[in-house]
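Undergrad: Dropping a prediction and its sequence here:
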Amino acid sequence: VTIAVPKETASGEHRVAMVPKVADKLAKLNVDILVAKGAGEGSRIPDDAFNEPVQMSGRAADIFGADVVLAVNAPDAKSIGKMKKGSVLISFVQAHNNPDVVDALNKASVTCFAMELVPRITRAQSMDALSSQASAAGYKAALMAASSLNRFLPMLTTAAGTIRPAKVLVIGAGVAGLQAIATSKRLGAKVYAYDVRTDTKEQVESLGADFLMAEGVKAEAEGGYARELTDDEKKKQQDMLEKNMADADAVITTAAVPGRPAPKIISKAMVEAMKPGSVLIDLGASGGGNCELTQPDETVTHGSVTIYGPSNVPALLAEHASEMYAQNVFNFLQLIVVPEEGQEDAKPADKTYKLDINWDDEVLAKSALTHNGEIVNEAAKEALK
Ligand code: NAD
């Protein structure tokens, strides 16, 4: 089995799907590993950091001609066109935003497992790249808030007087939000958080932050996700948030509903109610923004409030985001690269492995996006109709 890792081409993408530490583990499966020259550069991994038996290749035909291609973002349609019939791609795809990619996967008859579709069940936790990357994003968002403010985050008692701690409000307490809360707390801020899933109250409080409630709003949906709010609920939520935003120094938004654009929570009027000099870090930017003034990858100044809409925050922490992603992908790969029959008990060095997809495995069945020239994920099929 040949496993290959291309260099990511999306602008601002510094991550890579394989790092030397994980490649060493992969090598133990006695597979051939090809990594595109320069693929690790953005994550500060020089080509020579990859050990034997990894081979570096400058030829796209070799990389995309492998049995399995591992990537962070799905390659472009032209590169997918170079893939072999029946070969496998494992990467984030976001099918609803990338119909061309899905078409190319079907034309090439590539079996694609989309990392965003990996079910969030206990057995698949070690493959949950949405969580590992969200965690990186939440951490970095708190640092962005801290470094863009012109004040301290912690309380300081100094000879020049006492500095009051900054107030940070985190909206959306999923994986990214909880990490933003934890990081802001470690920096000494007074942290408030809000989520439409009131179950998150306990998690927020266990990090030492205060949970804000919007009376009459409770929007838990299947699988631990949120549902979209009704207009009436939205109004209640906004009234409550506006009051709390008025004295926050930094607001970090992370609200998301799976498969939907980012919920628009923060109106222009709410920004206008914020303190002069305060900042808003909108992690919803790539989904259209949680704030109506957000512009993806731009810094917007509205009155004296600054709004940041970074669209790929994990890439700003590429070294560790890549390390975690590579490990997630490796854990996933072990479901489909398995010992040949009769070899289960052989010594590791003698084992040979084959590519074998067990469609009865819930994790594989649910993560599959395309197979044999067709979209096999119902939600993606619906979204691309
Ligand atoms: P997400 O990225 O889909 O959403 C981020 C947060 O935004 C969520 O907490 C959501 O409730 C919140 N939100 C949505 N609409 C909102 C609104 N209008 N206002 C305020 N907040 C809003 O979520 P996620 O971080 O991917 O996590 C979702 C859930 O999955 C959580 O319950 C998490 O604990 C769970 N999870 C489970 C596992 C596992 O069991 N393996 C792994 C990771 C996450």
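TA: Everything's here; your move. As the structure is a prediction and not an experimental result, all values here were calculated from the model.

Undergrad: so which helix or strand takes in residue 198?
TA: Following DSSP states H and E, there is no helix or strand that holds residue 198.

Undergrad: show me what contacts it?
TA: 213, 218, 220 (C-beta atoms under 8 Å, 6 or more residues apart in numbering). Backbone N, C-alpha and C define where each C-beta goes, glycine included.

Undergrad: neighbour-wise, which of those residues leads?
TA: Within those, most neighbours by other C-beta atoms under 10 Å means residue 220, with 15 neighbours.

Undergrad: roughly how far apart are that residue and residue 200?
TA: Distance of residue 220 to residue 200, computed by C-beta to C-beta, to the nearest Å: 10 Å.

Undergrad: Also residue 355?
TA: Taken as C-beta to C-beta, the span from residue 355 to residue 200 is 40 Å.

Undergrad: ditto for residue 354
TA: Distance from residue 354 to residue 200, by C-beta to C-beta: 43 Å.

Undergrad: for residue 147, same thing?
TA: Taking C-beta to C-beta, one finds residue 147 at 27 Å from residue 200.

Undergrad: Contact partners for the closest residue to the ligand within the chain?
TA: Across the chain, no residue is closer to the ligand than residue 174, which sits at 2.2 Å (C-beta to the nearest ligand atom). Taking C-beta under 8 Å, 6+ apart as the contact definition, residue 174 lies against 134, 195, 200, 254, 256.

Undergrad: show me what contacts the last one?
TA: Which is residue 256. By C-beta under 8 Å, 6+ apart, the neighbours of residue 256 are 172, 174, 226, 262-263, 284, 287.

Undergrad: thinking residue 323 is in contact with residue 19, fair?
TA: Yes: assessed by C-beta atoms under 8 Å, residue 323 is found in contact with residue 19 at 5.1 Å.

Undergrad: which regions of the stretch 1-150 of the chain sit below the pLDDT cut-off?
TA: Low-confidence segments of the stretch 1-150 of the chain (pLDDT under 70): none present.

Undergrad: That one: helices as residue ranges?
TA: Using DSSP state H, counting those that start in this stretch, the helices of the stretch 1-150 of the chain run over residues 20-27, 60-64, 77-80, 99-107, 129-148.

Undergrad: one step back: kindly reformat the contacts of residue 174 as TSV containing secondary structure and distance to the ligand.
TA: Shown next, in TSV, are those (DSSP: H, G, I helix; E, B strand; the rest coil; distance: C-beta to the nearest ligand atom, whole Å):
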residue	secondary structure	distance to the ligand
134	helix	5
195	coil	5
200	helix	6
254	coil	5
256	coil	4
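
Undergrad: The residue nearest to residue 339 when sequence neighbours are not counted: how many residues sit nearby?
TA: Closest residue to residue 339 apart from its sequence neighbours, by C-beta to C-beta, 6 or more residues apart in numbering: residue 351 at 5.2 Å. Residue 351 has 16 neighbouring residues, counting by other C-beta under 10 Å.
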